Each structure stands twice: as C-alpha cells, then as structure tokens.
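In: quick check, what structure comes out for this input:
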Amino acid sequence: HYITYLQSGYRDGITAGQNASVQQGFDEGLKESFSAGYKWGLVRGITSAFTCLPDQLKAQMVDTEEHRSEFKCLGESVRSVSSEDALKMFHENILTKKESEKQRGDDEEPHGQSSGRVSLESYSQRLELLLEKSPAIKIHTEAVATGLAL
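Out: Predicted coordinates:
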C-alpha cells in the first residue's frame, strides 16, 4: 500500500503544481490583456468623442490646427482598425515580447516593437503625446498604470 500512496501523492503534487502554474499564467494574461484593452478603449473613445465635437469647441480644447489635425488623423487611423485586427495586433505584440525576451534574457524590459508594425501600444502613446500638448483636455489614464482593480 505504501507504493500506492506514494504514487497517489506524486500525482496529486503534479496536478497541484500544474493548477498553480495555469492560474499564475491566467492571472498574468488577464492583467496584461485588461490593461491593453482599457488603453485601446480610451484611445477609441477619446478620439471618437473629439471627432464629434463642433469645430469651435475643438479649437478651445486644442490650441493649434496642427494638433487638431493630429487628433483627426489618430481618430481615422483608430477607426480603420477592426476589433479582430486589434486582437491580432495584441497577439502579435505578445509573441514579439516573448521572442525578444528569449533573445535577450528575462532581465531586460522590451523597448517597443522593432518590426516597424503599428502596435496597440503605439496608438496609446500617440494619444498620450497629444494629450500632453492639450492641457485643456483632462483624462485620468493613470488608473491602468496603478493596477486598476487587479
């Protein structure tokens, strides 16, 4: 009976280890996908709302015609990305990060995409730059950075 208990304990240990590993992967994936989805939603929402504003209000919120044009271009670019394409971009970004980590080692942070492809993160970065140039627009985007609800 000792062998049976030993084998049973071994199987239980393997199962518990697998479950813990799966849960950890799920938790990390959820946090990463939530953050990316939240940021993408902000970009889509802010650029869509800005597009719908009357020109006079846009001029009050964004000082220069150049910056208003940048908002318009960003909005058009965002609207051209379907939900399916956004998911593909997110998936490609994850694969790129994993490949980059394998090549460098896990101790360094990735520095963006070197493939030249547009990433979901690049849209968010473009919006952040535009918002910095437009102090009249107040958006609380730091919620993701502080781990909103996670």
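
In: low pLDDT regions in the protein?
Out: Along the chain, the parts satisfying pLDDT under 70 run over 1-2, 5-7, 10, 105-117, 140-150.

In: so which residues of this protein form helices?
Out: If DSSP state H is used as the criterion, the helices of the chain fall at 2-52, 55-61, 65-79, 83-104, 120-132, 142-145.

In: next, the buried residues of the second one.
Out: By that I understand helix 55-61. Within helix 55-61, the residues that count as buried by 16 or more other C-beta atoms under 10 Å are residue 58. (Each C-beta comes from the backbone N, C-alpha and C, glycine too.)

In: of the helices of the chain, flag the one that's most buried.
Out: Highest mean neighbour count of these: helix 120-132, a mean of 17 (counted as mean count of other C-beta atoms under 10 Å).

In: how much space separates residue 19 from residue 8?
Out: Distance check for residue 19 against residue 8: by C-beta to C-beta, to the nearest Å, it reads 16 Å.

In: ugh, wrong one, residue 55
Out: When distance is defined by C-beta to C-beta, residue 55 is 73 Å away from residue 8.

In: can you check residue 54 too?
Out: 72 Å.

In: for residue 73, same thing?
Out: In terms of C-beta to C-beta, residue 73 sits 64 Å off from residue 8.

In: so what's the residue count around the closest residue to residue 68 other than its chain neighbours?
Out: Once flanking residues are discounted, residue 68 sits nearest to residue 62: 4.8 Å by C-beta to C-beta, 6 or more residues apart in numbering. A total of 23 residues lie near residue 62 under the criterion other C-beta atoms under 10 Å.

In: OK, contacts around residue 62?
Out: 68, 71, 130, 133-134, 136-137 (C-beta atoms under 8 Å, 6 or more residues apart in numbering).

In: make CSV from those and add distance to residue 41 to it.
Out: As requested, those are exported to CSV (distance: C-beta to C-beta, whole Å):
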residue, distance to residue 41
68, 22
71, 17
130, 17
133, 22
134, 19
136, 22
137, 17
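
In: what's the closest of the residues you listed to residue 35?
Out: The nearest member of the contacts of residue 62 to residue 35, counting by C-beta to C-beta, is residue 130 at 20.0 Å.

In: could you report the separation of the closest one from residue 138?
Out: Distance of residue 130 to residue 138, given as C-beta to C-beta: 13 Å.
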